[in-house]
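[1] structure, please.
(4 chains)
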2 protein chains.
Amino acid sequence: MMLITDRSLMSQTVGRTGPRRAPTMADVAQLAGVSHQTVSRVLSNHPNVRESTRADVLRAIGQLGYRRNSSARALVTRRTLTLGVVACNPTLFGPSSTLFGLEEAARDEGYMVSAVTLRRYSAAALREAIDHLSDWGVEGIVVIVPHREAVTALAELRLPFPVVTVEGGHNLPIPVVSVDQWLGARMATSHLLAAGHRTVWHVAGPPSWLEAEARAKGWRSVLEEAGAVVPPPIQGDWTPLSGYRAGQELAGRVTAGAAGRGSPEVTAVFVANDQMALGVLRALREAGLSVPGQVAIAGFDDIPEAEFFTPPLTTVRQDFAALGKASIRLLVSRLESGTTQGDDERVVIEPRLIVRRSSTPS
Amino acid sequence: MMLITDRSLMSQTVGRTGPRRAPTMADVAQLAGVSHQTVSRVLSNHPNVRESTRADVLRAIGQLGYRRNSSARALVTRRTLTLGVVACNPTLFGPSSTLFGLEEAARDEGYMVSAVTLRRYSAAALREAIDHLSDWGVEGIVVIVPHREAVTALAELRLPFPVVTVEGGHNLPIPVVSVDQWLGARMATSHLLAAGHRTVWHVAGPPSWLEAEARAKGWRSVLEEAGAVVPPPIQGDWTPLSGYRAGQELAGRVTAGAAGRGSPEVTAVFVANDQMALGVLRALREAGLSVPGQVAIAGFDDIPEAEFFTPPLTTVRQDFAALGKASIRLLVSRLESGTTQGDDERVVIEPRLIVRRSSTPS
DNA sequence: AGCATCATTGTTAGCGCTCACAGGTGGGGG
DNA sequence: CCCCCACCTGTGAGCGCTAACAATGATGCT
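    You can find the predicted model right below:
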């Protein structure tokens, strides 16, 4: 008996000695002269607590610097309030902006976000990433891996928690949030066509990327509708270097003259992203071609640098932050509603064409 | 008795009915015909388990699709194996690359990373971010908020878990991992000076940023050592737009001629980051000035676009991924050793000068 | 043979919290 | 005056796991 009393006193008085372990709810309860349950009620804002009691408890909490133990809470409530994100290439402007918007939205909703990044996509890496997240008890995940195979692999996975994908393609039974890439490509291409160009060339992204595919499709659709010749798209890999190479090829076509056998002349190019557009711009300039004088260019993404390219780049702006927010809203809504089905939900965000000098000869 | 037997059978057979809750260690134990403790042993690779028993358990685990409950585990071990990160401006190339490297390193070490992003720095926002992380039970945090006030605020916080900062200034009792900004600035400035310029102008970052300060100091130190005039630095805010404005000012000085009262002529500029350098380049070009012909330029960061600027930008490369990895190593080492003190540890990574055309008249 | 030792397994007691329920108090209606 | 019903508070159980210890059998050594 004595011993017990001693111990309880010690835990409050000793303080200095040893790495005193974090105060528990019971400590707060004792100090406030109530039961641990009352402390719990105060913490969860239960209405039926007398005002004075609540104040006592809060004072004790402040005094002890008490923080609720999230593991214990998660154990009993079966809610970790944590969401997982799998992202690829998180160094690029798009993914990182999305991640940012997503995290902020999640925090507002009371969730924590844990991210796993993939250096390159592979089915194994994706699986591993998801395993890792699920080991940590996430309640749902957002997958930002706009690879065709990734998304199909995902659809086959049948996970025990909800999954939402960003830019994940529209043919699968997984909820998707995306910017309308197809529409964006159409906007850029139409814009160039409207400026009087006979046709528009295209520097495409890697074919396994869904965005690249959608942008190429949008571009092609406009040309076909307009009855314009559809030049062969040039393959890039999103990097400025690949854009540079594509630009060299295009420049070669220009200077070789319209004498080229059958190929339409190059007077306008829609490049699948801004980084590659930068490379194209440089290649053209090195070839002595003026933009937009001889060749008009449009990009995609509207990275912060685009406005300061030489010349400033006409491009398609994507609201990445909105993308992140929307994905969280979607995920949280099915978390709260307990819905696992209804897997065909779609949120599509409209892109916006930003016209700058690279496409407008003045 | 009958009832109990029934229930245990149900939990295995029913399957279809109801949202059968995740299997527990006891379920595995029962199926494998061992005690839950043995299952635990198998899972934690305890050596003293007979090989056949281990196999039985693993089979049961596979059969049931069992996953260890991380909350329960964390509750009893007092280890969440989760690290927190607070990052500012995570949309920029530097921070996002650091975050990426950091996450990867943490995963290798067996930790999960949860990030909180700050739209803009403020003491309140920082506090809030840290509170959020600590509510979720992180074991330590990495702070990537290279603001002077942020770091001092941090030093005063006295948190119950280890903290490491990235680029956090060297005068505080907090372990820091950083690239040697001062040295990088010196490399760029010396390089320009060595090319024969009488002095080097500077477009600086926001003064409250530690990197901006260190880069300005490095720049100044080289000029002073060389006995060169130190022109007044021009203030930017990291954005291309601010660089553009700075560029206009510099261009004005050039075209106004060396007739300016006292100011040295502008023939070389060290810009505190690549994005601003992009703005400067454009302003100079618009003013009809050639780079590097009339004005040589150097930047900082080596963003992927820098190589494709017009002209390609001489800049200082920072190994952000290494930064992330090093910060995790530092954090984990003091986590494992239980050290809370020894707070003056420093890891400094050397930057590398990347010389391109913007500084080398050919 | 007899006892210490080791490998292997089981048993028990919590970790800190929330949930479900059981009290106790006071006021208004019958 | 009593009962019912709001309010407020406390008690007990148990979430799924690990740590400490106990128990068993097999082995080795004297």
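
[2] how near is the residue nearest the centre of chain A to residue B:292?
    Central residue check for chain A by CA atoms, centre = their mean: the C-alpha nearest the mean position is that of residue A:98, 3.1 Å away. With distances defined as CB to CB, to the nearest Å, the gap from residue A:98 to residue B:292 amounts to 37 Å. Using the backbone N, CA and C atoms, a C-beta is placed for each residue, glycine as well.

[3] ok, the nearest residue to residue A:308 once chain neighbours are set aside - how many residues close by?
    Excluding its sequence neighbours, the residue lying closest to residue A:308 (CB to CB, 6 or more residues apart in numbering or on different chains) is residue B:240, at 4.2 Å. As a burial measure, the neighbour count of residue B:240 was computed by other CB atoms under 10 Å in any protein chain shown and equals 26.

[4] how about the contacts made by residue B:240?
    Residue B:240 is in contact with A:304, A:305, A:307, A:308, B:275, B:276, B:278, B:279, counting by CB atoms under 8 Å, 6 or more residues apart in numbering or on different chains.

[5] which of those residues tops the neighbour count?
    Compared across these, residue B:278 has the highest neighbour count, 32 neighbours, by other CB under 10 Å.

[6] kindly export the strand or helix carrying that one (C-alpha atoms) in CSV.
    Per DSSP states H and E: residue B:278 is located in helix B:274-286. Below are the C-alpha coordinates for helix B:274-286, written out as CSV (Å, rounded to 0.1, in the frame of the first residue of the first chain):
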residue,chain,number,x,y,z
ASP,B,274,18.4,29.5,-61.4
GLN,B,275,14.8,30.6,-61.7
MET,B,276,15.8,34.2,-61.1
ALA,B,277,18.7,33.8,-63.5
LEU,B,278,16.1,32.8,-66.1
GLY,B,279,14.4,36.2,-65.5
VAL,B,280,17.6,38.0,-65.7
LEU,B,281,18.5,36.3,-69.0
ARG,B,282,15.3,37.4,-70.5
ALA,B,283,15.5,41.0,-69.3
LEU,B,284,19.0,41.3,-70.7
ARG,B,285,18.0,39.8,-74.0
GLU,B,286,15.1,42.1,-74.3
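
[7] against which helices or strands is it packed?
    Applying 3 or more CB pairs under 8 Å, 6 or more residues apart in numbering or on different chains; DSSP states H and E, one finds that helix B:274-286 contacts strand B:201-204, helix B:240-255, strand B:268-271, strand B:296-298.

[8] neighbours around residue A:314, how many?
    Using other CB under 10 Å as the criterion, residue A:314 is surrounded by 27 other residues.

[9] equivalent analysis for residue A:228, please.
    The burial count assigned to residue A:228 is 16, neighbours taken as other CB under 10 Å.

[10] what does residue A:63 give?
    For residue A:63, the neighbour count with other CB under 10 Å is 12.

[11] what's the helix or strand for the closest residue to it other than its chain neighbours?
    When the adjacent residues along the chain are set aside, residue A:63 lies closest to residue A:31, with 6.7 Å between them (CB to CB, 6+ apart). Here residue A:31, judged by DSSP H and E, is contained in helix A:25-32.

[12] just checking, what packs against that helix?
    Counting contacts by 3+ CB pairs under 8 Å, 6+ apart, helix A:25-32 is packed against helix A:2-13, helix A:36-43, helix A:51-64.

[13] recalculate using a threshold of 7 Å.
    helix A:36-43, helix A:51-64 (3 or more CB pairs under 7 Å, 6 or more residues apart in numbering or on different chains; DSSP states H and E).

[14] does chain B have contacts with the shortest one?
    The reference is to helix A:36-43. No. Judged by CB under 7 Å from any CB of the partner chain, helix A:36-43 stays clear of chain B, getting no closer than 11.4 Å.

[15] quick one: the strands in chain A?
    In chain order, chain A shows strands spanning A:82-88, A:112-118, A:140-144, A:163-166, A:176-179, A:201-204, A:234-235, A:268-271, A:296-298, A:315-317, A:346-349, A:352-354, with DSSP state E as the criterion.

[16] one step back: show me which of the contacts of residue B:240 is closest to residue B:206.
    Within the contacts of residue B:240, proximity to residue B:206 (CB to CB) peaks at residue B:276, which comes in at 10.8 Å.

[17] quick one: that closest one and residue B:242 touch, right?
    Yes. Counting by CB atoms under 7 Å, residue B:276 sits close enough to residue B:242 to count as a contact (6.0 Å).

[18] name the residues contacting each of those two.
    Between them, residue B:276 and residue B:242 share the neighbouring residues residue B:236, with contact defined by CB atoms under 7 Å, 6 or more residues apart in numbering or on different chains.

[19] distance of residue A:49 relative to residue A:34?
    Counting by CB to CB, the separation of residue A:49 from residue A:34 is 9 Å.

[20] that should have said residue A:43, apologies.
    Here the criterion is CB to CB. By it, residue A:43 lies 12 Å from residue A:34.

[21] looking at these two, which is more packed in?
    Set side by side, residue A:43 and residue A:34 give different neighbour counts by other CB under 10 Å, the larger being at residue A:34 (19 against 16).

[22] can you list the neighbours in contact with the helix holding residue B:278?
    Outside of helix B:274-286, the residues that reach it under the criterion CB under 7 Å, 6+ apart are A:304-305, A:308, A:310, B:203, B:236, B:238-244, B:246-248, B:250-251, B:269, B:271, B:291, B:295, B:297, B:299-303, B:306, B:309-310, B:313, B:315.

[23] tell me the angle it makes with helix A:274-286.
    With axes from the mean of the first three to the mean of the last three CA atoms, to 10 degrees defining the directions, helix B:274-286 sits at 30 degrees from helix A:274-286.

[24] now helix B:274-286 against helix B:240-255, angle please.
    Our comparison of helix B:274-286 with helix B:240-255, counting by the same axes, to 10 degrees, yields an angle of 40 degrees.

[25] what about residue A:295, how many residues nearby?
    Residue A:295 has 25 neighbouring residues, counting by other CB under 10 Å.
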